[in-house]
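> output the structure for:
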Amino acid sequence: MCFCSASLAHIILQEKLHTFGILGCALCIVGSVTIVLHAPQEQDIVSVLEVWNLATEPGTNLSLSLSLSLFQSSKLNLVTKTYMIVFVTHCVFF
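Take a look at the predicted model:
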């Protein structure tokens with residue numbers, strides 16, 4: 001998405017794409033390709049128990065708790081005034 005938006009802005013709107021913009025587009029492409037290449041094989045789910053087992057894996061629980069805690073801390077303005085990484089993390093998780 002980022003790559004398409006940046007490319008179209010460069011072509012249609014004649015915007016200049018600086019070094020960090022090009023680097024960001026390259027990282028988006030590399031990240032997308034990495035995710036696709038390392039994705040697990042698709043499997044058929046035949047019961048609700050299988051869905052529950054997938055939903056309660058440690059990685060899923062960690063990701064959910066981390067994103068919810070970051071969301072709550074930004075709502076309370078605990079860390080958003082000083083750390084830019086909070087905004088970047090929001091973009092990653094949401």
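
> what mean pLDDT does the helix or strand harbouring L68 have?
Element membership for L68 (DSSP states H and E) is helix 58-75. Per-residue pLDDT values over helix 58-75 give a mean of 78.

> quick one: classify E50 as helix, strand or coil.
Here E50 is recorded as helix under DSSP: H, G, I helix; E, B strand; the rest coil.

> what domains does the record give for the chain?
The record's domain parsing of the chain by automatic domain parsing lists 1-39, 43-94.

> can you flag the weakest of these by average pLDDT?
domain 43-94 (a mean of 74).

> ok, residues contacting stretch 40-56?
Under the contact criterion Cβ atoms under 8 Å, 6 or more residues apart in numbering, stretch 40-56 has outside partners T60. Every residue, glycine included, has its C-beta placed from N, CA and C.

> CA atoms of that stretch as PDB?
Listed next in PDB are the C-alpha coordinates belonging to stretch 40-56 (Å, rounded to 0.1, in the frame of the first residue of the first chain):
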ATOM      1  CA  PRO A  40       2.400 -21.400   7.100                       C
ATOM      2  CA  GLN A  41       0.500 -23.700   4.800                       C
ATOM      3  CA  GLU A  42      -3.200 -23.100   4.700                       C
ATOM      4  CA  GLN A  43      -5.200 -25.700   6.500                       C
ATOM      5  CA  ASP A  44      -8.900 -26.500   6.800                       C
ATOM      6  CA  ILE A  45     -10.500 -25.900  10.100                       C
ATOM      7  CA  VAL A  46     -13.200 -28.400  10.900                       C
ATOM      8  CA  SER A  47     -14.100 -27.600  14.600                       C
ATOM      9  CA  VAL A  48     -14.500 -24.700  17.000                       C
ATOM     10  CA  LEU A  49     -11.800 -26.300  19.200                       C
ATOM     11  CA  GLU A  50      -9.200 -25.800  16.500                       C
ATOM     12  CA  VAL A  51     -10.100 -22.100  16.200                       C
ATOM     13  CA  TRP A  52      -9.900 -21.800  20.000                       C
ATOM     14  CA  ASN A  53      -6.400 -23.500  20.000                       C
ATOM     15  CA  LEU A  54      -5.200 -21.000  17.400                       C
ATOM     16  CA  ALA A  55      -6.700 -18.000  19.200                       C
ATOM     17  CA  THR A  56      -5.000 -19.000  22.500                       C
END
